[in-house]
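Peer 1: need a structure here:
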Amino acid sequence: VRIPVQLAFLNWRDLTHPDDMAVSVTENERVRRGEADGFTLDKRFVRKDGSTVHANIEVRCVRRPDGSPEYLLSMIQDITERKVAEERIHRLTQLYAALSECNQSIVRSLDEEDLFPHVCRAAVEFGGMKMAWIGMIDGTTQRVRPVAAYGEDISWLESAEVSCDAQSPFGGGSAGTAVREQRPVWIDDFLNSSVTAPWRAMAEKSGYRSSCALPLRRDGEIVGAFMLYRGVLGLFDDEQRRLLCEMAMDISFALDLFARERERLRMEAALRESESRFRDLYEKAPLAYQSLDAGGGILEVNEAWLKLFGRTRGEVIGRSISDFLTEASRAALGEAFPKFLQRGSVDGLMCEFVRKDGGRRLVMLNGLVSRGQDGQFLRTHCIMTDLTERMRAKEQLRLVAKVFEQGGEGVMITDDQGNIVMVKRAFDTIT
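Peer 2: Purely as a prediction, here's the structure:
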């Protein structure tokens, strides 16, 4: 605080903040030229200790009879508290806007590569930051690698060394600490902080005066950091910190969504590949296959089934399996099918199918019932073994045997050593 005696030797210019000098000179010159009798102005004064005080100054000119200024009367009101409150509200408004823009970007983005540049831009253009960047952890080197940045003078990031390894000379900064200790780190005076030494020259050149580092998570694990820089000292109050932490949490939530979406796409691709392999195996299987619903309706058949019965897929899907059975087999299936559903399996059920050309095929069915997690019926799965030719061959052998026994000739069958293997009864009579 200056005492009146000290002020008596000063000019008003000595007290005016440099950034407000031009407007103050302009208004005073207007009064001196007679263009105005006074003015009202919000300006800053520099105190003896170098701090700044905001003031509202109302100036009135007292003139001599010839109109020239005799002296200027200034009424000064300290409005520092009001200005600080206004500035705080302004910065909160900026951060709310940045948070809103960040959330809109999350909704619109498909992945991190798409989201991160928008988030950094929102922090600068809407949040009032001087610069913002996002770094992701390189698990091999422990380096925090920049992947997106926006703002003034971001070229230094190309060669920046930032680590989360506590043993590294570049691991003690805000980014490394935030990642390692899993907490936000706030630096109110970047140029004088003990942890910013490796980057102090860069910050002074770029005009960074305060910063913060916010850890980013994916599925609960720390994967990176969101770095923000301001051109003024110590302005991260509790409310601003809360909003910035909320922004980081929203980004982390987006990372969770992106990870789940990638896993969903991977699972879908794997499922499609598995279905393709199954379909290929199913369609090319040598045995006929069919799947039925609980009422015996045909849900699916493979190519072997269609070839066996001379049908097309359009002719059978949705129809009852009974439509393709002989009358006797329909009755047998009507009795066996409920037991199949109850037991969950069927083994060796014999059915005779009628082909499209009228021919008949005797098949043996083996199958299982598929159920959901709740135990509810889904469908049956059955493979079919065609026994028609086997049964025909068996019948032919039976007929040959009958002819063999009933003929009048004597027959003897021996092996290559002359040993008798089989004789016909008529040979017994002869010998």
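
Peer 1: what's the neighbour count on the residue lying closest to Ile154 once chain neighbours are set aside?
Peer 2: Leaving out its chain neighbours, the residue that sits closest to Ile154 by Cβ to Cβ, 6 or more residues apart in numbering is Met131, at 6.2 Å. Using the backbone N, CA and C atoms, a C-beta is placed for each residue, glycine as well. Using other Cβ atoms under 10 Å, Met131 has 25 other residues around it.

Peer 1: in the sheet, who's paired with Met131?
Peer 2: For Met131, the beta-bridge partners under DSSP bridges are Gly151, Tyr229.

Peer 1: and it, how far is that from Arg33?
Peer 2: In this structure, Met131 and Arg33 are separated by 44 Å, where distance is defined by Cβ to Cβ, to the nearest Å.

Peer 1: likewise Ser168?
Peer 2: To Arg33, Ser168 is 64 Å away according to Cβ to Cβ.

Peer 1: With neighbour numbers in mind, choose between those two.
Peer 2: Set side by side, Ser168 and Arg33 show more neighbours around Ser168, with 17 against 9, by other Cβ under 10 Å.

Peer 1: what sits against that one?
Peer 2: When contacts are counted by Cβ atoms under 8 Å, 6 or more residues apart in numbering, Ser168 touches 142, 176.

Peer 1: Which element, helix or strand, includes it?
Peer 2: Applying DSSP states H and E as the criterion places Ser168 outside every helix and strand.

Peer 1: Dump stretch 241-258 to PDB, restricted to CA.
Peer 2: Taking C-alpha atoms only, stretch 241-258 is exported to PDB below (Å, rounded to 0.1, in the frame of the first residue of the first chain):
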ATOM      1  CA  ARG A 241     -11.500 -29.300 -11.000                       C
ATOM      2  CA  ARG A 242     -14.800 -31.200 -10.600                       C
ATOM      3  CA  LEU A 243     -15.800 -30.300 -14.200                       C
ATOM      4  CA  LEU A 244     -12.500 -31.300 -15.700                       C
ATOM      5  CA  CYS A 245     -12.500 -34.600 -13.800                       C
ATOM      6  CA  GLU A 246     -16.000 -35.200 -15.100                       C
ATOM      7  CA  MET A 247     -14.700 -34.600 -18.600                       C
ATOM      8  CA  ALA A 248     -12.000 -37.200 -18.000                       C
ATOM      9  CA  MET A 249     -14.500 -39.700 -16.600                       C
ATOM     10  CA  ASP A 250     -16.700 -39.200 -19.700                       C
ATOM     11  CA  ILE A 251     -13.700 -39.900 -22.000                       C
ATOM     12  CA  SER A 252     -13.000 -43.000 -20.000                       C
ATOM     13  CA  PHE A 253     -16.600 -44.100 -20.300                       C
ATOM     14  CA  ALA A 254     -16.200 -43.700 -24.100                       C
ATOM     15  CA  LEU A 255     -13.100 -45.800 -24.000                       C
ATOM     16  CA  ASP A 256     -15.100 -48.600 -22.300                       C
ATOM     17  CA  LEU A 257     -17.800 -48.300 -25.000                       C
ATOM     18  CA  PHE A 258     -15.300 -48.500 -27.800                       C
END
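
Peer 1: Point out where the stretch 301-431 of the chain drops to low pLDDT.
Peer 2: Where the stretch 301-431 of the chain drops to pLDDT under 70, the residues are 393-416, 420-431.

Peer 1: The stretch 51-200 of the chain too?
Peer 2: Within the stretch 51-200 of the chain, the set of residues satisfying pLDDT under 70 is empty.

Peer 1: Need the per-residue pLDDT for Arg30.
Peer 2: Arg30 is assigned 92 on the pLDDT scale.

Peer 1: quick one: contacts for it?
Peer 2: Remark: with contacts taken as Cβ under 8 Å, 6+ apart, Arg30 is in contact with 36, 39.

Peer 1: Can you classify it by secondary structure?
Peer 2: For Arg30, the reduced secondary structure class is helix; criterion used: DSSP: H, G, I helix; E, B strand; the rest coil.

Peer 1: Ser320 versus that one, what's the distance?
Peer 2: 101 Å.
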